[in-house]
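Asks: Structure, please.
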Amino acid sequence: MLLEPLPNPEDVAFRQAVFRDLEQPALGGALRGFGDALAAVRSTLERTASMRHPAERDRWVLDALERHDAAVADLWRALDAGPIASAGLAAVRDHVAAFVASSAFRRRRADVAAARAALDGVRYRLRIGQQRVVVSRERGEPDLAARIRATLARLGDGAPAPLRVDTFDTLDMNPLQAEVLARVVRLTPEPFARLAATVAAHQPVVDPGLVAIAADAAWFLAVLDLFAALRGAGVGWCYPSVAADGTLAAEGLYELALARRMAGAGRAVAVSDVSLAPGERLAVVTGPSQGGRTTFARAVGQLHVLAAAGCPVPAASATVPLVDGVRTVFDRPERLDDPGGRLRGELRQVRSMLAATTGRTLVVANEPFASTTAQDALALSRELVAAVNGREARMLAVTFLEELAAAPGAVSLAAAVDATDPALRTFRFERRAADGLAYAQALAGRYGLRESTIRQGMTR
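Replies: Reported below is the predicted structural model:
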């Protein structure tokens with residue numbers, strides 16, 4: 001899996017260099033076109049499995065051979081033109097160059113061209129009438145259709161309007177066409193024998209190594225397409241630096257799925273900055289409901305996953321430590337078919353997560369133990385923090401329990417306050433002390449519901 005975490009900074013740099021090469025329209029377009037061509041070839045080959053007549057099937061396979069080899073040659077020309085800076089794409093170029101230069105490839109292209117030329121030379125005559133179709137050898141008759149077109153061309157002004165004819169859009173021959181083909185094969189067996197021999201001699205049609213190259217390229221291009229779709233959203237993306245000491249520093253961070261929706265609607269995307277020093281292992285995210293806390297947690301998780309895979313990340317700039325995985329504890333709904341209840345299911349999830357947690361793991365907990373009382377949730381959350389800390393892992397916790405932010409060594413990431421109106425959600429987060437009542441107090445003040453205002457009203 002290409003999205004699996006890479007083990008070291010060198011592998012990350014290797015993959016980032018490939019991404020940078022594929023940002024070039026010529027190289028990216030060439031590999032995209034190559035992948036499309038191979039997909040069309042495979043689709044054709046799948047369709048031939050149901051064709052009844054061997055000559056019909058072989059003819060489509062010949063087309064697949066021709067299209068495959070033409071796509072390989074086109075890819076080689078694009079890769080050779082470059083420029084290529086990455087070792088990964090240079091290795092692809094060398095592989096394709098060796099494939100194109102091989103005697104087997106040259107012989108295959110020559111055989112395919114010869115088989116097609118032989119088929120192009122097949123001529124026969126059809127006589128249709130009296131509920132019969134007669135297939136016979138060509139006898140040197142003139143092309144009457146060409147004569148008729150030439151005669152009629154002198155009678156009209158310009159090209160005639162095309163005549164609309166109902167046709168069946170299908171690859172398969174109908175029984176009549178199959179019978180005609182069978183008789184043509186009997187009349188001129190040599191070209192069709194050559195066709196069958198060519199198809200049999202050059203299997204498989206699609207080279208497995210080239211299929212793997214196309215699949216990997218499709219993944220790289222899909223990642224670049226994801227970020228290219230955000231160009232109108234006013235957000236940036238970058239190739240992160242890898243921090244060996246565990247430093248995390250990202251500016252202009254955003255969540256990809258939300259950013260794509262906002263970009264599609266022409267709306268601005270809220271971004272945040274986040275930073276953790278090497279020894280800071282617990283970040284506690286607090287703020288009002290519907291204020292973007294879960295979205296922010298997803299953004300931090302995406303940042304680590306994409307950086308560890310050598311991909312660009314959704315931030316204007318970023319320095320990220322390599323992780324071996326992102327483990328999550330997300331609140332889950334009650335299930336009627338779970339006799340143990342929601343809390344037991346969450347505890348089992350936590351146990352499984354902790355078993356896979358190492359010193360290089362990021363744990364993202366979103367409202368852990370929300371199914372129980374606030375007092376019990378705080379006690380269980382402290383146990384969870386202690387267990388994660390004991391594994392020397394890093395944890396991001398989204399919670400209403402502000403006491404967690406007061407834990408030793410914890411970093412508080414609180415919702416940013418609008419300078420003009422504290423009651424407005426900003427969907428941004430910053431390093432500062434948790435103030436969970438600030439939003440509620442500002443909202444109460446807007447609607448005249450502060451305690452002092454209410455008491456004053458009661459005394460009147």
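Asks: show me where the stretch 251-400 of the chain has helices.
Replies: With DSSP state H, counting those that start in this stretch, the ranges of helices along the stretch 251-400 of the chain come out as 256-264, 293-308, 341-355, 374-390.
Asks: With respect to residue 248, which of those lies nearest?
Replies: Nearest to residue 248, of all the helices of the stretch 251-400 of the chain, is helix 293-308, at 8.3 Å by CB to CB. Every residue, glycine included, has its C-beta placed from N, CA and C.
Asks: contact partners of that closest one?
Replies: 3, 5-6, 12, 240, 242, 250, 253-258, 272, 274, 285-287, 312-315, 318, 320-324, 326, 328, 362, 364, 366, 396, 398, 413, 415, 427, 429 (CB atoms under 8 Å, 6 or more residues apart in numbering).
Asks: wait, what's in contact with the residue nearest to residue 118 when sequence neighbours are not counted?
Replies: Of all residues not flanking residue 118 in the chain, residue 191 sits nearest, at 3.9 Å (CB to CB, 6 or more residues apart in numbering). By CB under 8 Å, 6+ apart, the contact list for residue 191 reads 115, 118, 119, 121, 122.
Asks: Buried ones among the residues you listed?
Replies: 115, 118, 119 (16 or more other CB atoms under 10 Å).
Asks: what separates the host helix or strand of residue 180 from the chain centre, distance-wise?
Replies: Under DSSP states H and E, the secondary-structure element containing residue 180 is helix 175-187. Mean-position distance between helix 175-187 and its chain equals 46 Å (CA atoms, centre = their mean, to the nearest Å).
Asks: From the contact counts, what lies against it?
Replies: helix 54-81, strand 124-129, strand 132-137 (3 or more CB pairs under 8 Å, 6 or more residues apart in numbering; DSSP states H and E).
Asks: Walking through this structure, point out its strands one by one.
Replies: Ranges of strands within the chain are 124-129, 132-137, 241-242, 248-253, 272-276, 282-286, 317-320, 325-330, 361-366, 394-398, 410-417, 425-431, based on DSSP state E.
Asks: so where's the stretch 251-400 of the chain shaky on pLDDT?
Replies: Along the stretch 251-400 of the chain, segments meeting pLDDT under 70 span 332-340.
Asks: Can you give me the domain assignment for this protein?
Replies: Domain ranges of the chain: 9-121+202-219, 229-459, per automatic domain parsing.
Asks: Save those domains as CSV, and put in distance to residue 134 too.
Replies: Converted to CSV, these look like this (distance: least, CB to CB, whole Å):
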stretch, distance to residue 134
domain 9-121+202-219, 19
domain 229-459, 60
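Asks: Of all these, which one comes closest to residue 178?
Replies: Nearest of those to residue 178, taken as CB to CB: domain 9-121+202-219 at 5.1 Å.
Asks: Can you check the distance spanned by the closest one, start to finish?
Replies: Distance between the two ends of domain 9-121+202-219: 20 Å, counting by CA to CA, to the nearest Å.
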